[in-house]
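Q: Sequence and predicted structure, then a few things I'm wondering about:
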Amino acid sequence: MTKKLHVTTTINGEQTEFLCEARQSLLEVLRETVRLTGSKEGCNNGNCGACTVLVDGLPVNSCLMLGVEAEGCNITTIEGIGETQHLHPLQKCFLEGAALQCGICTPGFIVTSKALLDKHPNPTEEQVRFELSNNLCRCTGYDKIVRAVLEAAKIKQTV
Amino acid sequence: MKDFEYAAAKTVDEAVGLLASKGDRAKVLAGGTDIIVQLRETGREADLVVDVKKIPELVKYELSPAGGLKLGASVPCYKIYEDEKLKSAYPALADSARIIGGWQIQSRASIGGNLCNSSPAADSIPALIVLDAKCHIAGPGGRRTVAVAEFCTAPGKNVLQQGELLTALEFAPTQKGDGSHYLRFIPRNEMDIAVVGCGAWIRLDASGKTITAARIALGAVGPKPLFAAEASTFLTGKPATPETFAQAGELAKKIATPISDMRGPAEYRTHLVGVLVVRALTKALERATQK
């Protein structure tokens, strides 16, 4: 039996404790131990960004971080971005702009875009494309995603 | 991924002790963006992973006009390009930090980690070479420094001995008339491994027209990132013009010994060296004359 490590962290605003093996990624712990399955495993090597979460406000590939490294961190997953009855403007714009097809990449895109709008409330198209370069989508061709993010920025400005 | 023990060292001495106790069965964890993939996918194994991000000395940097820059080995990339003073003093370093992976990678990955991973195509290493960074290393035998141009020895290999840890990178103060740039050629817009990478640094005299010192370095055209000594020396005393830059590019091509692979044939890579040296020097000149 492998030794498990005790980790205390904050996930979506709630103090959370979990046990994990040192080798387990944060993504694995989030999905299989904490049972937050919104973050997706795409490539599992840092290329696709489907597993993106915010760690202390910064977008991070949760497949490239160990669960044990989350000790003392403040983590936001896609589950913490909006609620079914109160969608975040990004979620609303992705839905209304059909910025998704299969949906596997969507949680990662929305989490990274959340960080982008926190940093640049009124981004240019170039900024959106540059900062989302670590998020891959094999369905949409990106155009609708970029337009949805720009639209969400507009809505956020007027709220 | 096979399980391993995890230890978060609080001091350099503790990290060195842990690393030395396990020899090559211990791995350093800084940002983790290379080592976690290697442990998961490439069959590399570890008995012990030593997290060095809790060591204050490794996660801070000090920047001053008189003292230059001392950059802790685990400082994540984003901190470099988000600091306007750091970015304007050492632009080639910020250029490379901005294009290592994407935002998610830059939130974690460090320049020290990029150097220790020692890929021939590593984006930060040509920038470090042209800025003449000094590597501070701690080990069981005490501390030592190594010039960054001497740090890498072969693909994935470097001068670090068992139990040794890169603690910081030190850069000399910048002067008026200094300018630098790092760029790479990739077929995509972002998020790719360099077909060729090129760093350039120049220092101009008071007239702003003549080069008093220059350094050029290349990535992905040899088994390790290369300092282009002849091309660099050639520029000393020369006017900063497109003609001399083109001549430096031709000299730099002489040291390129690229392989042909999926990213490009050797002949193409050698051609790119000439192109990128001119572009890197042109941007470095623009920055040198802006200040």
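A: Now that the structure is in, tell me what you want to look at.
Q: Now do the residue of the stretch 151-291 of chain B found nearest chain A, the pLDDT please.
A: Chain A sits closest to B:Glu190 of the stretch 151-291 of chain B, with a gap of 3.7 Å, by C-beta to the nearest C-beta. Quick note: C-beta positions are derived from backbone N, CA and C, even for glycine. The per-residue pLDDT reported for B:Glu190 equals 87.
Q: again with the one 5 residues further on
A: Looking at B:Val195, its pLDDT reads 96.
Q: how many neighbours does it have?
A: Around B:Val195 there are 22 other residues, counting by other C-beta atoms under 10 Å in any protein chain shown.
Q: how close does the nearest residue to B:Leu93 once chain neighbours are set aside get to B:Lys253?
A: Here the nearest residue to B:Leu93 in space, its sequence neighbours aside, is B:Ala127; by C-beta to C-beta, 6 or more residues apart in numbering or on different chains that works out to 5.0 Å. For B:Ala127, the distance to B:Lys253 under the criterion C-beta to C-beta, to the nearest Å works out to 20 Å.
Q: Quick one: residues contacting the residue in the stretch 101-250 of chain B that chain A sits nearest to.
A: Across the stretch 101-250 of chain B, the shortest distance to chain A (C-beta to the nearest C-beta) belongs to B:Gly102, at 2.4 Å. Shown in contact with B:Gly102 (C-beta atoms under 8 Å, 6 or more residues apart in numbering or on different chains): A:Gly49, A:Glu131, A:Leu132, A:Ser133, A:Asn134, A:Asn135, B:Glu190, B:Met191.
Q: What about the third one, how many residues nearby?
A: Okay, so that is A:Leu132. Each residue near A:Leu132 was counted by other C-beta under 10 Å, and the total is 25.
Q: circling back to that earlier point, out of the contacts of B:Gly102, flag the one nearest to B:Tyr182.
A: B:Glu190 (14.8 Å; C-beta to C-beta).
Q: Was I right to think that closest one contacts A:Glu131?
A: No - at 9.6 Å, B:Glu190 does not count as touching A:Glu131 under the criterion of C-beta atoms under 8 Å.
Q: Just the buried ones among the contacts of B:Gly102, please.
A: Under a neighbour-count criterion of 16 or more other C-beta atoms under 10 Å in any protein chain shown, the subset of the contacts of B:Gly102 counted as buried comprises A:Gly49, A:Glu131, A:Leu132, A:Ser133, A:Asn134, A:Asn135, B:Glu190, B:Met191.
Q: how about low-confidence regions in chain A?
A: A:1 (pLDDT under 70).
Q: Tell me which stretches of it form strands.
A: Assigned by DSSP state E, the strands in chain A fall at A:5-11, A:14-20, A:52-55, A:58-61, A:74-76.
Q: Contacts for the third one, please.
A: Contacts of strand A:52-55 from elsewhere in the structure, counted by C-beta under 8 Å, 6+ apart, are A:26, A:30, A:39, A:59-62, A:65, A:70, A:73-78, A:107-109, A:111-112, A:114-115, A:134-135, B:104, B:107.
Q: can you do 6 Å?
A: For strand A:52-55, contacts defined as C-beta atoms under 6 Å, 6 or more residues apart in numbering or on different chains pick out A:Ser39, A:Pro59, A:Ser62, A:Cys73, A:Ile75, A:Thr76, A:Thr77, A:Gly108, A:Val111, A:Thr112, A:Ala115, B:Gln104.
Q: Run through the residues that contact B:Ser96.
A: By C-beta under 6 Å, 6+ apart, the contact set of B:Ser96 is B:Asp123, B:Ser124, B:Ala127, B:Tyr182.
Q: so can I have CSV of these showing pLDDT?
A: Listed next are those as CSV, based on pLDDT from 0 to 100:
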residue, pLDDT
B:Asp123, 98
B:Ser124, 98
B:Ala127, 98
B:Tyr182, 98
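Q: one step back: so which of B:Ala127 and B:Lys253 has more stuff around it?
A: Neighbours per residue, other C-beta under 10 Å: of B:Ala127 and B:Lys253, the larger number sits with B:Ala127, 33 against 20.
Q: Can you name every helix or strand that the helix or strand where that one lies contacts?
A: Using DSSP states H and E, B:Ala127 sits in helix B:124-130. With contacts taken as 3 or more C-beta pairs under 6 Å, 6 or more residues apart in numbering or on different chains; DSSP states H and E, helix B:124-130 sits against helix B:91-99, strand B:178-185, strand B:196-204, strand B:211-219.
Q: can you rerun that using 10 Å?
A: Helices and strands in packing contact with helix B:124-130 are listed as helix B:91-99, helix B:111-117, strand B:165-171, strand B:178-185, strand B:196-204, strand B:211-219, strand B:226-227, helix B:266-290; criterion 3 or more C-beta pairs under 10 Å, 6 or more residues apart in numbering or on different chains; DSSP states H and E.
Q: from the chain's centre, how far out does that helix sit?
A: Taking C-alpha atoms, centre = their mean, to the nearest Å, the mean C-alpha location of helix B:124-130 is offset from the chain mean by 4 Å.
Q: angle of the very next helix or strand once past that helix against strand B:165-171?
A: Downstream of helix B:124-130, the next assigned helix or strand under DSSP H and E is strand B:134-139. Angle between the axes of strand B:134-139 and strand B:165-171 is 160 degrees (criterion: axes from the mean of the first three to the mean of the last three C-alpha atoms, to 10 degrees).
Q: What mean pLDDT does strand B:134-139 get?
A: If you average the pLDDT over strand B:134-139, you get 98.
Q: Now do that strand: distance to the chain's middle.
A: On C-alpha atoms, centre = their mean, the centre of strand B:134-139 falls 15 Å from the chain's centre.
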